[in-house]
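**Q** Test case, fold it:
(chains A and B)
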Amino acid sequence: MAELTLHDVVKSYGEVPALRGITLEVGDGELLVLVGPSGSGKSTALRTIAGLERVDGGTISIDGRDVTRLAASARDVAMVFQSYALFPHLNVRENLTFGPRARREEPGPTGERVVTVAEALGLGALLERKPRQLSGGERQRVALARAMVRQPAVFLMDEPLSNLDAQLRVATRAEIVRLQERLGTTTVYVTHDQVEALSMGHRVAVIADGVVHQVGTPDEVYRRPANTFVASFIGSPPTNLVSSGRDGAMLVWAGGWLTAPPHAPQDGCMIGVRPEHLHVVGSRWTATARPGDLFRARVDLIESAGDQSILMLEAGGALLAARVEPTFRPARDSIVEAWFDPDHVHLFDAVTGIRIDP
Amino acid sequence: MSARIGSYERRVGWLASPMLLATLVLVAAPFVLTFVLAFTHYDALTSPRPAGIQNFRRLVSDPLFRLSLSNSLIFVAMAVPLRLLAATGTALLYARRRRGVVAGRGITYLPSVVPDIAFALLWLWVLNPVFGPIAQLLRAVGLPGTEWLLGPWGARVSVVILTLFQIGEGFIVALAARNDIPGELYELAELERAGPWFTFRRVTLPMMAPVLVLLAARDVAFSFQVNFVPALVLTGGDPFYATLFLPLYTYQNAFSFLRFGYASAMTVAMWLVTAAMIGVALLAVRRWREAFAG
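**A** Predicted coordinates for the structure are as follows:
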């Protein structure tokens, strides 16, 4: 049980900056997901928390104790690695008791804890197996179990699901969330998968280029992206972004125009619209939406995904994604009419990309 | 497609042919010839005369053969563990990139590429009890010199020390085995508060074990032969036959006493002993593999 705080953490590898002033607060018992593209610094951030990387500046504290200069062994954190880092020459039981034996813990209580944890994760029958005799999902659970046996102040998980197939990943996602809730251990979870981030995190921190772009609940990050990067990174397909200029009461973009919302700046801005808020005339899903300023677009591509379809529309040189019902299938290259939902248009500064709020 | 594969194999065959020819002429042919000559009397001047198993009978009753065999076994028992320890120790010392590691790796490997004769001659001077640098250094600080090297055990130890510096190949293999262990296992060990000794005992050693046992098996075979040049140049088999190892005694029989048949029988005996020891080592490797394979 612990709070975790990072304050202005800076880290670079030679000339290459990896973290450029990361500030984060993770509450006691919270599950915070660090999400970002590869090379964003999210794994480096996790490794600095673990103490596996030294920071160049800033402070890290766990439960109010400054651990910035402490060795990894003194921080009381447990880590689940992407590769699982299981010892190939030790069986499951020996892997689970590696830490307790290293710390010379009493074998009696440890043994009971190992059995409890193993049973909880469905590993009871596998205790005598070697890692090579286990499936990918089982190995992943052994790595989780080992971290749980530790009973640390903080769990750190570095893309623990990325080596699993899609089906198992969804199931294990839910399993980790349930376990974390039951144990109530403060957890930092790193992933590049924004779906994983939104579905698992109590809060989500979006990282890119060594900078935290936004921290918030999944709902906040999705509905009120702090800048154009978050808008385009979170959500699949990403938010449609077009740049616009101002003409009197109108925002004019390459494919059409839009009645300027009251908070729109005088000198143009970026317009962001999620695919579900780009409405197409004729689609039943948009029949009840508030009408807006229509523009004409060419149907470039239709991607079916079973329960929905994504229309790729071309308007004024911009490619825009619209979410429609799967039965709505306009012909390719036909012209449709569409509009941006005026209640769900995001505006961003044309230069900085920062969100403009009403 | 098959034509291209065929031409590829032909090219490989051509490229390998000089090596194959050399192996045939320098290894395979002498190997077969040795087995044939072992059953003859042959002085290289007259034609070989059939001898049946007389040479082997003579081996059993030859006190010098028994002595050289036991000298060789003593050498293996001393040199192999020490050489393995040195190779593993230096590999662990120079495993991680740090200041001076590249130089250290070079220094560890270099003696192995010095020609054996040059290396032995160098040590002849280094260990000289009268004017050698070690003896002079010891005397300069008031310690007794290196006269003890003149005794039987001193001579044996000298040869062992000399071969301890030629561990380049074992060092490279051990280094590769160490660096093959994923770094994350060490990070995990650190996070679990495992101390260096615990980590070494529970992670490094068992994960390197299969390679180390294989190295030991190879070194056993190697050590039967490696002492030939030092024994010939440094000690000449003396004092009191203390460094008369099997290869040296075989060499003397063949080229000094012109008893090629007898020397061949001796070589066959040495081959059998080596094969038996490697067989035991490989059995051990299989056990370890079963226990530790990832």
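
**Q** near chain A, which residues of chain B show up?
**A** By CB under 8 Å from any CB of the partner chain, the residues of chain B that approach chain A are B:182, B:184-185, B:187-195, B:198-199, B:202-203, B:206-207, B:291-294. The way it works is simple: take the backbone N, C-alpha and C, and place the C-beta from them, glycine included.

**Q** Tell me the spacing between the residue in the stretch 51-200 of chain A that chain B sits nearest to and residue A:124.
**A** Of all residues in the stretch 51-200 of chain A, the one sitting closest to chain B is residue A:88 (2.8 Å; CB to the nearest CB). Separation of residue A:88 from residue A:124 (CB to CB, to the nearest Å) stands at 21 Å.

**Q** Output the below-cut-off pLDDT ranges for the chain.
**A** You didn't pick a chain, so chain A it is. Scanning chain A for pLDDT under 70 picks out the ranges A:1.

**Q** Sorry, I should have been clearer: chain B.
**A** B:1-6, B:145-146, B:149, B:234-237, B:240, B:288-294.

**Q** Where do the domain boundaries of it fall?
**A** B:1-26, B:59-292 (automatic domain parsing).

**Q** Am I right that residue A:257 sits in a strand?
**A** Yes: counting by DSSP: H, G, I helix; E, B strand; the rest coil, residue A:257 is part of a strand.

**Q** how much space is there between the closest residue to it other than its chain neighbours and residue A:355?
**A** Spatially, and ignoring its direct neighbours in sequence, residue A:257 is nearest to residue A:250 (4.7 Å; CB to CB, 6 or more residues apart in numbering or on different chains). For residue A:250, the distance to residue A:355 equals 21 Å [CB to CB].

**Q** what do you get for residue B:20?
**A** 73 Å.

**Q** thinking again about what came up before, of residue A:88 and residue A:124, which one has the most company?
**A** residue A:88 (16 against 13; other CB atoms under 10 Å in any protein chain shown).

**Q** Now do the same for the more buried one: helix, strand or coil?
**A** Look at residue A:88: counting by three-state DSSP, its state is coil.

**Q** tell me the SS of residue A:212?
**A** Counting by three-state DSSP, the backbone at residue A:212 sits in strand.

**Q** actually residue A:303, not the one I typed
**A** Note that with three-state DSSP, the state of residue A:303 is strand.

**Q** likewise residue A:21?
**A** strand.

**Q** can you pull the contacts of the nearest residue to it once chain neighbours are set aside?
**A** Distances taken as CB to CB, 6+ apart put residue A:8 closest to residue A:21, at 4.9 Å, once the chain neighbours are dropped. Counting by CB atoms under 8 Å, 6 or more residues apart in numbering or on different chains, residue A:8 touches A:21-23, A:57-59.

**Q** and if we set it to 7 Å?
**A** A:21, A:23, A:57-58 (CB atoms under 7 Å, 6 or more residues apart in numbering or on different chains).

**Q** Wait, residue A:144 touches residue A:120, no?
**A** No: taking contacts as CB atoms under 7 Å, residue A:144 lies outside contact range of residue A:120: 9.9 Å.

**Q** Those two - which one has more neighbours?
**A** Legend: neighbour count by other CB under 10 Å for residue A:144 and residue A:120, higher for residue A:144 (24 against 16).

**Q** which residues of the stretch 51-200 of chain B fall in strands?
**A** Assigned strands in the stretch 51-200 of chain B: none (criterion: DSSP state E, counting those that start in this stretch).

**Q** How far away from the center of its chain is stretch B:192-202?
**A** On the basis of CA atoms, centre = their mean, to the nearest Å, stretch B:192-202 is displaced by 32 Å from the centre of the chain it belongs to.

**Q** er, stretch A:164-174 I mean
**A** Worked out by CA atoms, centre = their mean, stretch A:164-174 lies 15 Å from the chain centre.

**Q** Next, the buried residues of that stretch.
**A** For stretch A:164-174, the neighbour count (16 or more other CB atoms under 10 Å in any protein chain shown) marks A:164, A:168-169, A:172-173 as buried.
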